[in-house]
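Chemist: here's a sequence, model it:
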Amino acid sequence: MRIVDVHAHYYPKEYLALLERVIRNDSTVWGRAVQELYATRLTKNPRMTDINAHIDDMDAAGVEMHALSLSIPHVYFEDPNDATEAARIVNDSIAELVAKYPARFKGLAILPLPHTDAALKELDRAITTLGLHGAALGGNVRGAGLDDERFLPLYREMNRMNLMVHLHRSSRPVRRSWRTTGWQRRSATCWTPRLACCGWRRAASWTRTRTSSSSPPTSGRCWSPHGTPSTTRGPSRCVA
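Modeler: The predicted structure is shown next:
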């Protein structure tokens, strides 16, 4: 039996250096929330930055493969140049890991939203040049809903490419902390039907469970690119 964990996060150290620069003097609610996240989780948990820790956890849990993606705060920066640079750093790093460990990792691209034109260009580069296997989206983009009309061209292109999309819940940046669990719980489950209503018919893969590196096993469902549900075992694991 082959077990694939589709909810596995990785933060390249070069991305974290850029993130620290971006948030250093950001006094907004979003900036303060990210500063707390950076100080308490992203730089404290070795599983976030050390790929060997991923492999050790996978071996201990009997997981054959991780689908790597970035998580909050994603690369949803106000400055389009910062967002694009961060997306390229992350996608290049994940592609290198996939090439180095092809039997252990797949890669999901992160995109520099809310800058749709830049996101379309990076999506094309990530899939056609780097060979990544899908994309990852946060539950909101700096507070904007995923059914925002600005993002529809991106969804149409994802649909045309028949991509798997991992929809990750995330809180609105309206408090200092990201731990607004009510919004987190709704962000993935509610945006999926709303995206369908606004024209995105292939909400290809989403998960209601947390990453295996930070939470105990929970039940959930994964969705294939063709909409066929399969039960999961443990946190976000698909049995293939």
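Chemist: spatially central residue for this structure, please.
Modeler: The centroid of the chain falls nearest to Ala136 when counting by CA atoms, centre = their mean (4.0 Å).
Chemist: in this protein, which spans are helices?
Modeler: Listed in chain order, the helices of the chain (DSSP state H) span 13-23, 29-37, 51-61, 80-100, 116-124, 152-160, 181-197.
Chemist: that older thread, contacting residues for the residue nearest to the centre of the chain?
Modeler: Ala136 makes contacts with Ser69, Leu70, Ser71, His74, Leu108, Ala109, Ile110, Val165, His166, Leu167, His168, as judged by CB atoms under 8 Å, 6 or more residues apart in numbering. (C-beta placed from N, C-alpha, C; glycine too.)
Chemist: which of those residues tops the neighbour count?
Modeler: Scoring the contacts of Ala136 on neighbours with other CB atoms under 10 Å, the highest-scoring entry is Ile110 at 30 neighbours.
Chemist: for stretch 100-109, which positions count as buried?
Modeler: By 16 or more other CB atoms under 10 Å, the buried positions in stretch 100-109 come out as Arg104, Phe105, Lys106, Gly107, Leu108, Ala109.
Chemist: and stretch 110-121, by the same measure?
Modeler: Ile110, Leu111, Pro112, Leu113, Pro114, His115, Thr116, Ala118, Ala119, Leu120.
Chemist: roughly how far apart are the first one and Val75?
Modeler: In this case it means Ile110. According to CB to CB, to the nearest Å, Ile110 stands 5 Å off from Val75.
Chemist: identify the contacts common to the two.
Modeler: Common neighbours of Ile110 and Val75 (CB under 8 Å, 6+ apart) are Ala86, Ala87, Val90.
Chemist: list the residues that contact the last one.
Modeler: For Val90, the residues meeting the contact criterion (CB under 8 Å, 6+ apart) are Pro12, Tyr15, Leu70, Val75, Ile110.
Chemist: which non-adjacent residue is nearest the fourth one?
Modeler: The spatially closest residue to Val75, leaving aside those adjacent along the chain, is Ala86, at 3.9 Å (CB to CB, 6 or more residues apart in numbering).
Chemist: understood, closing this out.
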